[in-house]
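Asker: Provided below for reference: sequence and predicted model.
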Amino acid sequence: MESATLVKIEPGKKISYKGTNYRVAELLDLSQVVIVDEVTGDSHNVSIADIELDKTEILAPSEELLNITDESWAIAKSRLQAIKPLLNLDKRSRADVAKVAAENNMHTNTLYGWLKLYESSGLLSSLLPKVRRDRGSTKFDDEIEELIKQAIATEYLTKQKKLQRMVIDEVKKLCRKQNLTPPHDNTIRNRIKALSPELFASRRQGRKVSDNTYRPIKGKFPGADWPLAAVQIDHTKLDIILVDDHYRKAIGRPWITLAFDVYSRMVTGFYVSFDPPSAMTTGLCLIHSILPKERWLAKYDINGEWPLWGLPAKVHVDNAKEFRGNMLQKACEQYNIDIEWRPVARPNFGAHVERVLGTFSKEIHALPGSTFANITEKGDYDSESKASLTLTEFEHWLANYVVNVYHQKIHSMIGMTPLAKYKQGILGDEHNPGCGLPAKIKDEERLKFDFMPYELRSIQDYGVVIDKVHYYHDVLRPWINAPDQSDSRKKRKFIFRRDPRDISQIWFYDPELHTHFAIPYRDTSHPISIWELREAIARAEAEGKKTLNEHVIFEAYEKMREIEQESVHKTKAARRSVQRRKVHGKVEKPIPAPSTINEVQLDDDIAEFDIEPFEEMDDWS
């Protein structure tokens, strides 16, 4: 679907290249197209990554997803549900719209209005009711929400198949008992409409009916009939110990969150960190999965292609409660991504992505610092003493493996390489037509903010403090010590987005301008990650500094940098000394080369190249 948010690269599409207008004439492969100048008739073969997307149609800054009430969000979802049968309908007529309008007891013009809003933006938030925005949530609202949930669970989600009217009566009764003003009947109806179809079926019709309708079957994964139709996301702790960037000492095993296209078996994106799996790590993995990879690969100087981008139609995610963040759910719904939670004790739901993680583990066991899969394999190998890779270096190795090994090897289940299968699904072959290249996101910044983790903080006269670090910019001045709108005795809290890979700045959402602003911390000479910050805090605490503040933390961080530099200089001096002795002794044997990582060389330049994982996501100025 073409919209102000998405643009699809396909024959006939008008695009811009190096400031000149062209028309796409032909798709050559996954990364190149033929474009034609409609004035001169000149044609060129160009990289899709170099095509300039027209951002003039991008909508004005929208409301922060976190500020949208559950009630308004439920209304938007019910409106989308009503117009879904009409979306992408060939030769849609007024009779088609009138029929759907009658089925939903609505006026035809109402549906036309919703269709126009949604098709022009592609975002669920375009269907929000046009009412005065709530300035903040209150305890009163939370209590009513809980009562509605309670009534739906006890009165509606049962095999008695009670009517919605009975749920409404139950909510009113519960509100009267607690002296609360009952919500409007339509509010409760909208909550019921927003229920998951699978949950509805399992509670009112039974598990068997629900399984027959929604449970995946063995063999071909249901619904994975084209690229990005179904993407599985899984998490695992990797069998390798990594070292820190400063002392090169073992600091532990990292986690990986990996997204996987079931149709082609291609990896769509991943996120590696020392944080356990959560809605945050899933969201950051999805950002990497959805956006083009060219700039990311260039930063790692990887000579290979990863021509995969676009919004997945459906995402399967672990069912653990730590993944069920409201922010992740809203962000997926905003971009029309159907998120499905993997049922407990149902391993077939995640079999595909678990297999690829198993494949990666075998390769990782060849790296220095591997902990192996079991004690028998490990033997007397000292994983900690052998560990030598930092998080950045490991991510470099992993990216190279994904792009130039895994995607290029024949996959036994599909009989071809994952890259070839993906290309077949996109471009087609002599037997089947392709689905075409996925649409690209025009406003990448908005997508990153929607999936990025956040903090709620009040703004003091000195700015904002997060993890003992101070941030300030003049855009915060109008909101210093602003009172909470529901309780003037309290200070108002604002939304601040933060990327754990570079906490040198945070992003403040201005609730009046509906825009995000970058807020740096006061001393911008310290660009560090959240893991480096934790290490600095631990070092300061180990030195007995009971009162931790920003100065103490960065003092510890600078001390670590000094130790690192001294170590580097000593190491180089030692190498030179060894070399001189060897030369003087007329020894022809060269100095041993730096250790290699499987087939990927990590030389001194790479070790000193200061890249944070997914660094391009931080260039948002």
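Answerer: Right, received. Where do you want to start? Residues are numbered from 1 along each chain as shown.

Asker: can you list the weak-confidence ranges in the stretch 1-150 of the chain?
Answerer: Scanning the stretch 1-150 of the chain with the threshold set as pLDDT under 70 gives 1-4, 54-62, 131-142.

Asker: if you set the cut-off to 80 instead, what comes out?
Answerer: Filtered on pLDDT under 80, the stretch 1-150 of the chain yields the residue ranges 1-5, 53-63, 130-143.

Asker: So which residues of it form helices?
Answerer: All helices of the stretch 1-150 of the chain, identified by DSSP state H, counting those that start in this stretch, fall at 70-83, 94-103, 108-121, 139-151.

Asker: residues of the shortest one that come out buried?
Answerer: When you say that, I think you mean helix 94-103. Neighbour-count burial for helix 94-103, counted by 16 or more other Cβ atoms under 10 Å, picks out 97, 100-101. Bear in mind the C-beta positions are built from the backbone N, C-alpha and C, glycine included.

Asker: and if you look at the first one?
Answerer: Along helix 70-83, the positions that meet the burial threshold by neighbour count (16+ other Cβ under 10 Å) are 70-80, 82-83.

Asker: Check those and tell me the two furthest apart.
Answerer: Asp70 and Ile83 (20.9 Å; Cβ to Cβ).

Asker: Just put the helices of the stretch 1-150 of the chain in a markdown table and tack on distance to Glu10.
Answerer: Below are the helices of the stretch 1-150 of the chain laid out as a markdown table (distance: least, Cβ to Cβ, whole Å):
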| stretch | distance to Glu10 |
| --- | --- |
| helix 70-83 | 24 |
| helix 94-103 | 25 |
| helix 108-121 | 17 |
| helix 139-151 | 44 |
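
Asker: out of these, which comes closest to Asp225?
Answerer: In terms of Cβ to Cβ, the element of the helices of the stretch 1-150 of the chain nearest to Asp225 is helix 70-83, at 22.7 Å.

Asker: how big is the angle separating the closest one from helix 94-103?
Answerer: 130 degrees (axes from the mean of the first three to the mean of the last three Cα atoms, to 10 degrees).

Asker: now what about helix 70-83, what contacts it?
Answerer: Outside helix 70-83, the residues within contact range by Cβ atoms under 8 Å, 6 or more residues apart in numbering are 100, 104, 106, 111, 114-115, 118, 124-125, 127-129, 131, 145, 183, 187, 190-191, 193-194, 330, 333, 336.

Asker: What subset of those is buried?
Answerer: Among these, those buried by neighbour count (16+ other Cβ under 10 Å) are 100, 111, 114-115, 118, 124-125, 127-128, 145, 183, 187, 190-191, 193-194, 330, 333, 336.

Asker: Have a look at this structure and report the helix or strand with the lowest mean pLDDT.
Answerer: In the chain, no helix or strand scores lower on mean pLDDT, DSSP states H and E than helix 604-608, which sits at a mean of 36.

Asker: quick one: which of the buried residues of helix 94-103 is nearest Glu535?
Answerer: Closest to Glu535, out of all of those and judged by Cβ to Cβ, is Val100, at 57.5 Å.

Asker: and of the buried residues of helix 70-83, the nearest to Leu53?
Answerer: Leu80 (24.9 Å).

Asker: So that closest one versus Gly358, what's the distance?
Answerer: 38 Å (Cβ to Cβ, to the nearest Å).

Asker: do the same with Ile537
Answerer: Counting by Cβ to Cβ - Ile537 and Gly358 are separated by 36 Å.

Asker: So between these two, which is more surrounded?
Answerer: Ile537 (18 against 11; other Cβ atoms under 10 Å).

Asker: Give me the pLDDT for that one.
Answerer: Looking at Ile537, its pLDDT reads 71.

Asker: same check, this time on Leu419
Answerer: Reported pLDDT at Leu419 in the predicted model: 94.

Asker: count of residues packed around the nearest residue to it once chain neighbours are set aside?
Answerer: Computed as Cβ to Cβ, 6 or more residues apart in numbering, the closest residue to Leu419 that is not its neighbour in sequence is His407, at 4.5 Å. Counted with other Cβ under 10 Å, the neighbours of His407 add up to 24.

Asker: residues in contact with His407?
Answerer: 266-267, 306, 417-419.

Asker: rerun that using 10 Å as the cut-off
Answerer: 264-267, 304-308, 401, 417-422 (Cβ atoms under 10 Å, 6 or more residues apart in numbering).

Asker: Just the buried ones among those, please.
Answerer: Using 16+ other Cβ under 10 Å as the burial test, these include 264-267, 305-308, 401, 417-422 as buried.

Asker: of the contacts of His407, closest to Lys177?
Answerer: Val267 (53.0 Å).

Asker: wait, the closest one sits on His411?
Answerer: No. The criterion here is Cβ atoms under 10 Å, and Val267 misses it with His411 at 11.9 Å.

Asker: anything in contact with each of the two?
Answerer: Residues touching both Val267 and His411 by Cβ under 10 Å, 6+ apart: 356, 418.

Asker: Which residue ranges make up the domains of the chain?
Answerer: Using automatic domain parsing, the domain parsing of the chain gives 6-50, 71-115+123-213, 231-441, 454-520.

Asker: for these, which one sits closest to Trp531?
Answerer: Among the domains of the chain, the nearest to Trp531 by Cβ to Cβ is domain 231-441 (5.4 Å).

Asker: Mean confidence (pLDDT) on stretch 507-521, please.
Answerer: Throughout stretch 507-521, pLDDT has a mean value of 90.

Asker: Can you get me the start-to-end distance on it?
Answerer: Using Cα to Cα, to the nearest Å, one end of stretch 507-521 lies 11 Å from the other.

Asker: quick one: buried residues of that stretch?
Answerer: 507-511, 516, 518-519, 521.

Asker: mind listing the strands for the stretch 251-400 of the chain?
Answerer: 255-261, 267-273, 314-317, 338-341 (DSSP state E, counting those that start in this stretch).

Asker: Select from these the stretch with the lowest mean pLDDT.
Answerer: Mean pLDDT is lowest for strand 338-341 among the strands of the stretch 251-400 of the chain, at a mean of 86.

Asker: Can you give the distance from that strand to the centre of its chain?
Answerer: 14 Å (Cα atoms, centre = their mean, to the nearest Å).

Asker: can you check stretch 484-492 too?
Answerer: 33 Å.

Asker: end-to-end on that stretch?
Answerer: 4 Å.

Asker: do stretch 329-338 as well
Answerer: 9 Å.

Asker: Name the residues of it that come out as buried.
Answerer: Buried-residue list, stretch 329-338, by 16+ other Cβ under 10 Å: 329-337.

Asker: Show me these that map onto helices.
Answerer: 329-334 (DSSP state H).

Asker: which among these gets closest to Ile426?
Answerer: Closest to Ile426, out of all of these and judged by Cβ to Cβ, is Cys332, at 22.8 Å.

Asker: Count the neighbours of the closest residue in space to the closest one that isn't next to it in sequence for me.
Answerer: Leaving aside its sequence neighbours, Cys332 sits nearest to Ile339 (Cβ to Cβ, 6+ apart; 4.3 Å). Residues contacting Ile339 under the criterion other Cβ under 10 Å number 20.
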